[in-house]
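J.: next come a sequence and a model predicted from it.
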Amino acid sequence: FKSLVTPEEFRRLQDFMHIDSVEALHSFTMFVEGLGVKKICDWWAHKEMSDWIVPCLVKSQSRILPEHWDSTPATTNTGEAQHHWTNTQTGIKLSLVEGIESARSVDWRVVEEVKSSMTTGILPNRNNEMSQRLASANPGLAT
């Protein structure tokens with residue numbers, strides 16, 4: 001949308017998640033419609049026609065308690081990182097049985113790691129593993 005509007009209008013479009021009232025939401029809708037840019041109007045109309053999209057994106061329109069909203073991550077980056085980590089531990093393109101067996105093995109290792117941390121109070125530091133130390137010491141070789 002950046003090339004379709006002024007920098008100020010673009011900033012306002014980007015800030016829609018910070019709308020703080022029903023009145024401000026209505027004002028934003030009028031602003032979008034006033035731009036007269038079909039692509040942007042369609043983008044906003046898609047959000048408005050759903051009962052759940054705006055409440056999922058705009059805190060003031062959600063029924064989620066504010067303290068719960070604030071404690072929820074704004075992105076799925078953590079989940080994506082966990083997904084990547086799991087794939088590196090178990091492999092990919094496995095048969096169902098292979099996937100279950102490798103995931104079970106990873107789960108047991110994690111359980112043991114958590115138990116150890118609970119017992120000793122020492123959290124694991126992945127940077128202390130030999131593979132990480134070698135990669136850090138020889139960055140050109142880690143490709």
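T.: Looks like it arrived, so ask away.
J.: quick one: the helix or strand containing A24 to chain centroid distance?
T.: Taking DSSP states H and E as the criterion, A24 maps to helix 22-35. From the chain centre to the centre of helix 22-35 is a distance of 27 Å (CA atoms, centre = their mean, to the nearest Å).
J.: which stretches of the chain have low pLDDT?
T.: Scanning the chain for pLDDT under 70 picks out 126-132, 139-143.
J.: which strands or helices does the next helix or strand after the helix holding A24 pack on?
T.: Note on helix 22-35: by DSSP H and E, the next helix or strand toward the C-terminus is helix 38-48. Counting contacts by 3 or more CB pairs under 8 Å, 6 or more residues apart in numbering; DSSP states H and E, helix 38-48 is packed against helix 22-35, helix 53-57. (Each C-beta comes from the backbone N, C-alpha and C, glycine too.)
J.: contacts for the last one?
T.: Here helix 53-57 makes contact (CB atoms under 8 Å, 6 or more residues apart in numbering) with F16, M17, L25, H46, K47, E48, Q61, S62, R63.
J.: buried ones among these?
T.: F16, L25, K47, Q61 (16 or more other CB atoms under 10 Å).
J.: who's the closest spatial neighbour of the third one, skipping the chain neighbours?
T.: Leaving out its chain neighbours, the residue that sits closest to K47 by CB to CB, 6 or more residues apart in numbering is I53, at 4.5 Å.
J.: also the first one?
T.: Spatially, and ignoring its direct neighbours in sequence, F16 is nearest to F28 (5.8 Å; CB to CB, 6+ apart).
J.: kindly report the same for L94.
T.: Spatial nearest neighbour of L94, excluding adjacent residues (CB to CB, 6+ apart): S102 at 6.5 Å.
J.: for the top helix by length along the chain, packing partners?
T.: If you go by DSSP state H, the chain has its longest helix at helix 96-120. In terms of contacts (3+ CB pairs under 8 Å, 6+ apart), helix 96-120 is packed against helix 77-90.
J.: domain map for this structure?
T.: With domains defined by automatic domain parsing, the chain comprises 2-71, 82-141.
J.: show me what contacts L123?
T.: Neighbours of L123 in contact, by CB under 8 Å, 6+ apart: S117.
J.: picking that back up, okay if I get the buried ones among the contacts of helix 53-57 as a markdown table plus distance to D70?
T.: Shown next, in a markdown table, are those (distance: CB to CB, whole Å):
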| residue | distance to D70 |
| --- | --- |
| F16 | 18 |
| L25 | 20 |
| K47 | 22 |
| Q61 | 15 |
